[in-house]
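>>> return atomic coordinates for the entry below.
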Amino acid sequence: MVELEGRLIEVIFQNESNGYTVGILSCEAEDVTIIGYLPALKEGENVGVKGKWTMHPNYGRQLEVQEYRPIHPSTKEGILSYLSSGVIKGIGDKMAARIVYHFGEDTLEIMQMTPQRLTEIPGIGEAKAKTIIEAFQEQRELREIILFLTQYDISPSYAVKIYKKYGDKTIATIQENPYRLAEDIFGIGFKIADRIAMSLGIDRNSKYRIHSAARYVLNAIHAEGHTYSPKTLLVKKTSELINVQPEAVEDAIGYLALDQKIQLEKFNDQLVVYSMPYYYAEANVCKRIIELSQTVFQMDEIELQAELQRLQKKEAIQLARHQMEAVEESLVNGIMVLTGGPGTGKTTTINILIKIFEGLEKKIILAAPTGRASKRMSEATGREAKTIHRLLEMGYSDGEEELAFQKNEENPLEADVVIIDEVSMVDILLMNSLLKAINPGTRLILVGDADQLPSVGAGNVLKDIISSNIVKVVRLNEIFRQAQESMIIVNAHRINKGEFPSFNVKDKDFFFISKSRQQDVADTLVDLVKDRLPKHYSYDAIRSIQMLSPMKKGEVGTISLNKALQQRLNPPDRWKKEKDFHGKLLREGDKVMQIRNNYTLRWKSIDSSTEETAGEGIFNGDIGYIHKIDLSNQEVAVLFDDYKLVLYDFSQVEELELAYCVTVHKSQGSEFPVVVMPITWGPPMLLTRNLLYTAVTRARSLVVLVGTETYLRQMVNNNHIVERYSGLGIRLKKYFDFQYSS
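Below is the predicted model:
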């Protein structure tokens with residue numbers, strides 16, 4: 001590692017939010033360009049830095065700083081130069097000269113230890129002294145905090161976030177209870193906080209440690225898709241994580257419940273534990289569904305059979321019995337579920353419903369969980385469909401500092417009918433936000449395929465609603481003649497029934513290539529995407545073909561396959577800028593995916609025909625392409641599929657992943673012209689029937705599977721669905737049993 005000392009003679013760029021800096025450090029031998037997270041550094045300061053040399057294609061050699069420390073000048077000349085640089089608000093050249101002339105080499109010590117003496121200087125009254133003291137203190141505090149946290153491998157950018165949260169009490173707060181960092185600072189989890197705590201000598205049996213560990217484990221269980229944890233499981237996992245006695249964890253859970261940080265419930269004689277957001281969401285979803293289900297509408301305003309006959313003739317279609325049932329039930333019920341597999345006519349049914357409700361002059365809102373799903377809904381219906389997040393208007397309310405949905409129980413959606421597609425993707429938190437904004441008296445129609453994988457977020461919302469018997473459910477199970485021409489649709493239904501798919505039929509759309517070694521599988525997949533499919537079918541290798549994988553790790557996992565595909569589809573080029581973000585290499589032209597909801601990312605539309613030209617919010621699963629990497633301004637420009645252009649600061653790039661290959665879970669709600677996927681060894685919990693079914697149903701025109709028939713058969717036969725701990729179905733059934741038991 002290179003070590004240099006010098007004076008920061010110029011700040012070329014500094015990001016105020018995270019401290020990312022580009023500057024010129026004047027050293028004894030030469031002037032050096034330095035880059036890195038250097039908050040609190042100002043021009044004129046002396047500093048020692050450690051880092052590594054990098055070569056910028058336009059700006060040449062630069063030192064990427066990984067550690068730094070301020071060096072206070074000790075001579076009169078050095079102190080005068082430091083104060084004259086403008087580093088401290090309120091001190092200019094003349095004022096600096098007077099201060100140094102008066103205090104000499106003791107100037108900085110006096111400013112730190114007895115700053116009130118500044119009033120001895122002519123021209124500095126109490127108000128002026130206060131301004132100078134505050135600026136000097138803030139500068140010194142942030143530096144001390146950065147140096148304090150650096151020893152625990154916490155980057156300066158995180159140090160700035162921590163300082164903004166705790167201010168001058170930062171070090172005292174961390175020393176008393178470092179586990180607060182895990183709760184208060186996004187990106188600092190329990191394990192980092194625990195490392196700091198152990199370094200500070202905090203007792204391994206500290207209540208802070210056990211409480212924080214229990215909440216960390218509970219949040220990890222939520223991240224696996226569960227809305228609650230059995231208490232026994234939470235105790236066991238927490239005890240094992242931090243090596244404490246189970247009794248101590250039991251006590252911690254009791255204290256957390258009394259402090260209303262968690263909620264204890266009893267299901268079937270078993271104690272379960274909720275984090276409060278999931279408890280409130282689940283309880284409210286149950287309440288709202290029951291309220292909506294109690295509403296019954298009259299059909300006096302329409303002669304349904306005559307209207308259906310007219311529409312079928314006009315559209316040149318013939319509705320199946322269950323499609324007609326769905327139309328009738330949607331007219332009379334406050335909430336209804338329409339479910340069915342591919343090719344069973346869900347889209348046709350939605351379009352008929354829209355026309356009937358429009359004929360009744362009802363205001364209709366269409367929405368889906370993701371941008372891709374809402375775009376597909378718009379294309380299928382010819383009407384605007386929004387993402388649920390956009391529908392609920394994420395933003396800031398007057399006087400509020402945190403983002404929230406602006407549509408809620410106090411400001412509900414203005415609609416007579418709300419139709420939500422791809423509901424299998426909706427988790428309990430999003431469903432809660434949606435239902436808050438729907439008043440009784442509004443018809444809610446939920447559309448989805450209950451046999452697909454459940455939502456990435458916690459809950460099993462669609463299946464719980466269907467199984468509750470509270471809500472009217474219409475199942476479409478007839479495959480239409482046109483759909484029967486597609487082997488994708490035929491095989492999806494075969495897989496769903498546990499039957500082995502049929503493939504490699506000439507001039508059809510479902511193929512299987514037999515390869516046994518995992519490396520051969522990976523090589524074949526990459527070759528298919530790069531050469532064989534584009535040449536034979538004229539597909540765009542990057543935009544039309546989507547590789548899916550059941551897993552992230554291994555030779556056929558998304559991480560390895562993304563690297564191989566990036567190298568083949570978007571290789572290095574002298575004209576393409578690239579940047580390595582802690583082992584994640586991104587290059588201009590790369591296909592990327594947003595991996596978490598970010599409600600504050602600003603975007604502008606490059607589509608002149610759209611009504612919205614700018615807005616905020618990019619969401620988990622959105623796919624885009626790197627348009628530009630600006631190394632000087634430390635920004636990555638990404639153009640998303642719906643023509644939204646977003647500028648990511650380098651510190652935000654952790655929210656992006658390469659998307660040449662994505663997991664099947666991440667593909668939910670999307671449809672691609674072509675899907676290719678490995679069928680080979682993997683964890684049994686991933687090689688399941690509904691994962692294969694979900695993957696196959698993502699393809700519109702072509703499916704190519706590569707691997708062994710043994711594992712394909714294993715996936716078809718493996719109908720094991722990993723149990724999700726979800727209380728919504730239990731709550732709804734309790735109400736049903738109470739209401740209708742004799």
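
>>> immediately after the helix or strand hosting residue 210, which helix or strand?
Using DSSP states H and E, the element containing residue 210 is helix 207-223. Using DSSP H and E, the helix or strand that follows helix 207-223 in sequence is strand 229-230.

>>> which neighbouring elements make contact with the next helix or strand after that next one?
Next helix or strand after strand 229-230 toward the C-terminus (DSSP H and E): helix 231-242. With contacts defined as 3 or more Cβ pairs under 8 Å, 6 or more residues apart in numbering; DSSP states H and E, the packing partners of helix 231-242 are helix 207-223, helix 246-258, strand 270-275. Every residue, glycine included, has its C-beta placed from N, CA and C.

>>> direction included, what does the last one pair up with?
The partner list of strand 270-275 in its sheet, established with DSSP bridges, is strand 229-230 (antiparallel), strand 262-267 (antiparallel).

>>> report the distance from that strand to the chain centre.
Distance of strand 270-275 from the chain centroid (Cα atoms, centre = their mean, to the nearest Å) equals 26 Å.

>>> which helix or strand lies directly C-terminal to it?
Past strand 270-275, the next helix or strand by DSSP H and E is helix 276-293.

>>> what angle separates that following helix from helix 207-223?
Counting by axes from the mean of the first three to the mean of the last three Cα atoms, to 10 degrees, helix 276-293 lies at 40 degrees to helix 207-223.

>>> okay if I get the strands paired with strand 270-275 as TSV plus distance to residue 364?
Output for the strands paired with strand 270-275, formatted as TSV (distance: least, Cβ to Cβ, whole Å):
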stretch	distance to residue 364
strand 229-230	40
strand 262-267	37
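
>>> nearest to residue 158, out of these?
Closest approach to residue 158 among the strands paired with strand 270-275 (Cβ to Cβ): strand 262-267, 26.8 Å.

>>> quick one: the closest one to chain centroid distance?
Relative to where its chain is centred, strand 262-267 has its mean C-alpha point 28 Å off (Cα atoms, centre = their mean).

>>> what angle do that strand and helix 246-258 make?
Going by the same axes, to 10 degrees, strand 262-267 makes 100 degrees with helix 246-258.

>>> list the buried ones in strand 262-267?
Neighbour-count burial for strand 262-267, counted by 16 or more other Cβ atoms under 10 Å, picks out 262, 263, 264, 265.

>>> burial count for residue 347?
By other Cβ atoms under 10 Å, 15 other residues sit near residue 347.

>>> wait, is it part of a strand?
No: counting by DSSP: H, G, I helix; E, B strand; the rest coil, residue 347 is not found in a strand; it is helix.

>>> can you tell me the closest non-neighbouring residue to it?
The shortest distance from residue 347 to any non-neighbouring residue, by Cβ to Cβ, 6 or more residues apart in numbering, is to residue 380 (4.8 Å).

>>> which stretch of helix or strand covers the one you found?
According to DSSP H and E, residue 380 maps onto helix 371-381.

>>> return the distance of that helix from the chain's centre.
How far helix 371-381 lies from its chain's middle: 21 Å, per Cα atoms, centre = their mean.

>>> just to revisit the earlier point, and residue 682, which of the helices and strands packed on helix 231-242 is closest to it?
That would be, of the helices and strands packed on helix 231-242 and by Cβ to Cβ, helix 207-223, which comes in at 20.3 Å.

>>> got the contact list for that closest one?
Here helix 207-223 makes contact (Cβ atoms under 8 Å, 6 or more residues apart in numbering) with 177, 179, 182-183, 189-190, 193-194, 197, 202-203, 229, 233-234, 237-238, 241-242, 244, 248-249, 251-253, 255-256, 261-262, 273, 275, 278, 458, 725.

>>> quick check: angle from that helix to helix 231-242?
Helix 207-223 and helix 231-242 are oriented at 120 degrees to each other (the same axes, to 10 degrees).

>>> with just CA atoms, put helix 207-223 into CSV.
Extracted in CSV, the C-alpha atoms of helix 207-223 (Å, rounded to 0.1, in the frame of the first residue of the first chain):
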residue,chain,number,x,y,z
LYS,A,207,-28.5,-7.4,27.0
TYR,A,208,-27.8,-5.1,24.1
ARG,A,209,-26.0,-7.9,22.3
ILE,A,210,-28.6,-10.5,22.8
HIS,A,211,-31.5,-8.1,22.0
SER,A,212,-29.8,-7.0,18.8
ALA,A,213,-28.9,-10.6,17.8
ALA,A,214,-32.5,-11.7,18.3
ARG,A,215,-33.8,-8.9,16.1
TYR,A,216,-31.1,-9.6,13.5
VAL,A,217,-32.1,-13.3,13.3
LEU,A,218,-35.8,-12.4,13.1
ASN,A,219,-35.1,-10.0,10.3
ALA,A,220,-33.1,-12.7,8.5
ILE,A,221,-36.1,-15.0,8.9
HIS,A,222,-38.3,-12.3,7.4
ALA,A,223,-35.8,-12.0,4.5
